[in-house]
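Chemist: coords please:
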Amino acid sequence: MAKRQIPVIVLAGFLGSGKTTLLNHLLRRSGGTRIGAVVNDFGKIEIDAMSVAGQVDSMVSLGNGCLCCAVDTSELDGFLDRLARPAARIDVIVIEASGLAEPQEIIRMILASDNDSVVYGGLVEVVDAAEFAATRERHPELDRHVGIADLVVLNKSDRIGDEARESLLETLTRLAPGTPVVPVSHGRIDPEMLFDRKPREDHLEAVRQLSFEDILLTDDDEHDHDDERDDKHEHDHEHGDHCGERCGHGGHLHSGYESVEFRSDTPMHPRRLMDFLDSRPEGLYRVKGFVHFGVTGHRDKFTLHAVGDFLRFYRSPWARSEERVTQLVMIGRGIDAGALKEGLESCRDTAAEAAEEHSMWGVLRYAQT
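Modeler: Residues are numbered from 1 along each chain as shown. A predicted model of the protein is given here:
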């Protein structure tokens, strides 16, 4: 009898295309299928990993670096080994690549893996319908990424008109002849296009989502080995924002891009924050994270998502144990990190000038529940 192998699907796409939204959709609609997620975030504050962790905890995060810059497969193999252990009972593994990763290199690492419990399951390239033309002009290598995809997801297709959508579909079909191109909104793709869904049987323990305790190795010697590998990973990617220069991948999307992290325990003043966002510099391509406003009646968590000219807040309750802080990651090219941090520092609310409810109007215009 042939040994069962777990498919490893690579989820790729440029910054802000909607990969995390799509992954969260898969996790919510997985039925009884057990998904292990590997999130490769760009920036020291792992916003995408935190977003996914809110949906499921069968996850390994590779923060602060570009996965494609690993010099061999040993690091990725270690994470795949954890998720592919028979005791974990994982059915499919999804690697959400950084928005600046080189998908072909990630595919190469999976194919070169010596773990016979996993098998490459295909590349899903997520395309931002509203931003693709402008992004492609700056980064022509996206044509190649689309061309090697096994499935192209045209996300945010509701944000463009019918004529523009048809034109974009023709372009993507030309770039990836014979490859399915699926227009969706909010990452809502049918999971059956990526894996076979098992029926959900909530009363059975076998289909519950995993905890980190489920996937961590139990043998003391294996734990020690993992610690050494994790220490090596942290050291190798300590300066992940500039990994293109270090690893010789100067032609990759991440070359020349940098991330700026901001955290504030003090609530943010909504009007000042909106002024900052409305005047963000052209080189600042992506802003993501969570904002805490200290305004009466509006103390929920506001998840911020900005790509190019697009800006949206998503309002949701804070988890009971979640710390009420603002955490933002800004990604761009040629940006002044000091000026961005200084600008956000000036957006903090102060006791002497507490924000009033009407100051939230600008935020609420861009907010969805």
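
Chemist: Each with direction, which strands does the helix or strand hosting V260 pair with?
Modeler: If you go by DSSP states H and E, V260 is part of strand 257-264. Strand 257-264 pairs in its sheet with strand 326-333 (antiparallel), by DSSP bridges.

Chemist: average model confidence for whatever helix or strand comes next after the strand it pairs with?
Modeler: Once the chain leaves strand 326-333, the next helix or strand it forms, by DSSP H and E, is helix 337-345. Averaging pLDDT along helix 337-345 yields 94.

Chemist: Any buried residues in helix 337-345, and which?
Modeler: For helix 337-345, the neighbour count (16 or more other C-beta atoms under 10 Å) marks 340, 343-344 as buried. C-betas here are computed from N, CA, C, even on glycine.

Chemist: shouldn't G13 be in contact with E131?
Modeler: No. If you go by C-beta atoms under 8 Å, G13 and E131 don't touch, sitting 10.6 Å apart.

Chemist: Now do stretch 276-289: distance from first to last residue.
Modeler: Stretch 276-289 has its terminal residues 15 Å apart, counting by C-alpha to C-alpha, to the nearest Å.

Chemist: Flag every buried residue along it.
Modeler: Those would be 276-277, 280, 284-289, for stretch 276-289 by 16+ other C-beta under 10 Å.

Chemist: if we can go back for a sec, switch the buried residues of helix 337-345 over to TSV; also include distance to R174.
Modeler: Conversion of these to TSV gives the following (distance: C-beta to C-beta, whole Å):
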residue	distance to R174
L340	38
G343	42
L344	42
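
Chemist: List just the nearest of those residues to D81.
Modeler: L340 (38.9 Å; C-beta to C-beta).

Chemist: who touches that closest one in this structure?
Modeler: Applying C-beta atoms under 8 Å, 6 or more residues apart in numbering to L340 gives the contacts 260, 262, 284, 330.

Chemist: Between which two of those is the distance greatest?
Modeler: The span of the contacts of L340, defined through C-beta to C-beta, is set by F262 and L284 at 12.2 Å.

Chemist: Report the set of residues contacting both of the two.
Modeler: Residues touching both F262 and L284 (C-beta under 8 Å, 6+ apart) are 330, 340.

Chemist: returning to what we had before: just the buried residues of stretch 276-289 now: which is nearest I335?
Modeler: Closest to I335, out of all of those and judged by C-beta to C-beta, is L284, at 5.4 Å.

Chemist: Strands of the stretch 101-250 of the chain, start to end?
Modeler: For the stretch 101-250 of the chain, the strands defined by DSSP state E, counting those that start in this stretch occupy 118-128, 151-155, 181-183.

Chemist: Show me what stretch 135-147 is in contact with.
Modeler: Applying C-beta under 8 Å, 6+ apart, the contact partners of stretch 135-147 are 12, 14, 103-104, 125, 127-128, 132, 152, 172, 175-176, 251-253.
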